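Chemist: A predicted structure for the sequence below; I have some questions about it.
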Amino acid sequence: NAGVTQTPKFRVLKTGQSMTLLCAQDMNHEYMYWYRQDPGMGLRLIHYSVGEGTTAKGEVPDGYNVSRLKKQNFLLGLESAAPSQTSVYFCASSYSWDYGYTFGSGTRLTVV
Amino acid sequence: DAKTTQPPSMDCAEGRAANLPCNHSTISGNEYVYWYRQIHSQGPQYIIHGLKNNETNEMASLIITEDRKSSTLILPHATLRDTAVYYCIVGPISSGSARQLTFGSGTQLTVLP
């Protein structure tokens, strides 16, 4: 039982490049989330999903897209990376709205 | 969403109880209080949550005041591994709202040997 797995763990991108971050959970959770965390700050919600085939915008969605084609996977895409997207990205999942979240270990992304 | 106020930092002696306060004076009747912690850039870890009754699990106890405007997370016997940033968050009970948990700056707890 791996919980929440994020791929890759580290990545360096050049400005304008695109990439996809993968989040996979094996707990059969309905809800999945993508957060970003910048130095010295709390986590900010980018996008979330309340079930397979659904997505919704969070607090800071601009510059990102997401997809939830399979219940166990939640993908975060950067179409044209910018230095302002340099951050640590965390994925999380939960069984329901009022259950605690299980977080992945994070993806450290640097855009140069 | 109700906002929370936490002290930016606290120290605690190893083996002693750590009491982390949180003010959430604008909390509504349909919002839980959640506590998470983040150890040195790892992913946050869920600790406990409650509505209005005190709660206890294997990690901690949560004491919520009767008016629900504040709460205290208690780590009964703090160890060095409890050094982390602790987040107090309020969030909706039902899925009728599109609101999500908002993580603020939290309290940096340092457990001293």
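Modeler: Here it is on my side, so go on.

Chemist: okay, which residue is most central for chain A?
Modeler: residue A:34 (3.1 Å; C-alpha atoms, centre = their mean).

Chemist: so, in contact with chain B or not, whichever strand or helix holds it?
Modeler: Using DSSP states H and E, the element containing residue A:34 is strand A:31-37. Yes - counting by C-beta under 8 Å from any C-beta of the partner chain, chain B is contacted by strand A:31-37 at A:33, A:35. (Glycine included, C-beta is placed from N, CA and C.)

Chemist: sorry, back to before: and the residue nearest to the centre of chain A, what does it touch?
Modeler: A:21, A:23, A:45-48, A:58, A:64, A:66, A:74, A:76, A:89-91 (C-beta atoms under 8 Å, 6 or more residues apart in numbering or on different chains).

Chemist: so it versus residue A:56, what's the distance?
Modeler: Using C-beta to C-beta, to the nearest Å, residue A:34 is found at 11 Å from residue A:56.

Chemist: rewinding a little: what score does the residue nearest to the centre of chain A have for pLDDT?
Modeler: On pLDDT, residue A:34 comes in at 96.

Chemist: any idea what it is bridged to?
Modeler: Per DSSP bridges, the residues bridged to residue A:34 are residue A:47, residue A:91.

Chemist: next one: residue B:21
Modeler: Here residue B:21, judged by DSSP bridges, has bridge partners residue B:72.

Chemist: what distance do you get for it to residue A:40?
Modeler: 21 Å.

Chemist: next one: residue B:30
Modeler: When C-beta to C-beta is the yardstick, residue B:30 and residue A:40 sit 32 Å from each other.

Chemist: more crowded one of those two?
Modeler: Set residue B:30 next to residue A:40 and count neighbours by other C-beta atoms under 10 Å in any protein chain shown: residue B:30 wins out with 12 against 6.

Chemist: surely that one touches residue B:68?
Modeler: No - between residue B:30 and residue B:68 there is no contact under C-beta atoms under 8 Å: 11.3 Å.

Chemist: chain A against chain B: which residues are in contact?
Modeler: A:4, A:33, A:35, A:40-45, A:48, A:50, A:56, A:58-59, A:88, A:90, A:92, A:96-98, A:100-106.

Chemist: repeat that for 7 Å
Modeler: Residues of chain A lying near chain B by C-beta under 7 Å from any C-beta of the partner chain: A:33, A:41-43, A:45, A:48, A:50, A:56, A:58, A:88, A:90, A:97-98, A:100-101, A:103-106.

Chemist: from these, list just the buried residues.
Modeler: Neighbour-count burial within the residues of chain A next to chain B applies to A:33, A:42-43, A:45, A:48, A:50, A:58, A:88, A:90, A:97, A:100-101, A:103-104, A:106; the criterion is 16 or more other C-beta atoms under 10 Å in any protein chain shown.

Chemist: where do the strands sit along chain A?
Modeler: A:4-7, A:10-13, A:19-25, A:31-37, A:43-49, A:56-57, A:65-67, A:73-78, A:87-94, A:102-103, A:107-111 (DSSP state E).
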